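One predicted model, sequence on top.
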Amino acid sequence: MTSYADRIRRKLTDALAPSRLDVVDESHRHAGHSGARPEGETHFNVTVVSAAFEGRSRVERQRMVYALLADELAERVHALALTTRTPQEAG
């Protein structure tokens with residue numbers, strides 16, 4: 001069975017061809033909070049560096065990511081902390 005972290009990585013890689021992609025499951029930090037599950041994979045911190053973000057605002061970038069991960073958000077993922085940068089912004 002594929003983990004949600006793996007699904008997130010695959011979808012973002014396929015759609016955005018990132019030069020950097022970090023997907024960190026931070027569910028353990030949210031135990032007892034809304035949407036948290038004992039088995040985890042509900043809260044993620046995601047950093048994406050991609051040329052696909054060039055010329056787009058922070059909100060547009062986040063909307064792109066949310067659209068790509070709509071299934072995961074509807075099924076299990078409760079929260080995404082997103083950092084979205086272009087390669088030039090990442091340095």
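Perfect, I can see it now.

Check residue 42 and give its pLDDT.
On pLDDT, residue 42 comes in at 82.

The residue lying closest to it once chain neighbours are set aside: neighbour count?
Nearest in space to residue 42, with sequence neighbours left out and distances taken as CB to CB, 6 or more residues apart in numbering, is residue 78 at 4.4 Å. For every residue, glycine as well, the C-beta is placed using N, CA and C. Neighbour count for residue 78, taken as other CB atoms under 10 Å: 16.

where in the protein is pLDDT low?
Within the chain, the ranges that satisfy pLDDT under 70 run 1, 28-40.

So which residues of it form strands?
Counting by DSSP state E, the segments of the chain that form strands are 20-25, 43-49, 79-85.

closest one to residue 9 among the ones you listed?
strand 20-25 (5.3 Å; CB to CB).

Quick check: buried residues in that closest one?
Within strand 20-25, the residues scored as buried using 16 or more other CB atoms under 10 Å are 21, 23, 25.

longest single helix anywhere in the protein?
Assignment by DSSP state H gives helix 4-16 as the longest helix of the chain.

what residues does that one touch?
Contact with helix 4-16 is made by 18, 21, 23, 25, 41, 44, 46, 48, 50, 52-53, 64-65, 68-69, 72, 76-77, as judged by CB atoms under 8 Å, 6 or more residues apart in numbering.

Stretch 48-57 too?
By CB under 8 Å, 6+ apart, the residues outside stretch 48-57 that reach it are 12, 15-21, 61, 64-65, 82-90.

and residue 15, how many residues sit next to it?
Neighbour count of residue 15, defined by other CB under 10 Å: 16.

give the contact list for the residue nearest the centre of the chain.
Centroid-nearest residue in the chain, with CA atoms, centre = their mean: residue 46, separated by 4.2 Å. Contact analysis of residue 46 by CB under 8 Å, 6+ apart lists 8, 12, 21, 22, 23, 24, 65, 80, 81, 82, 83.
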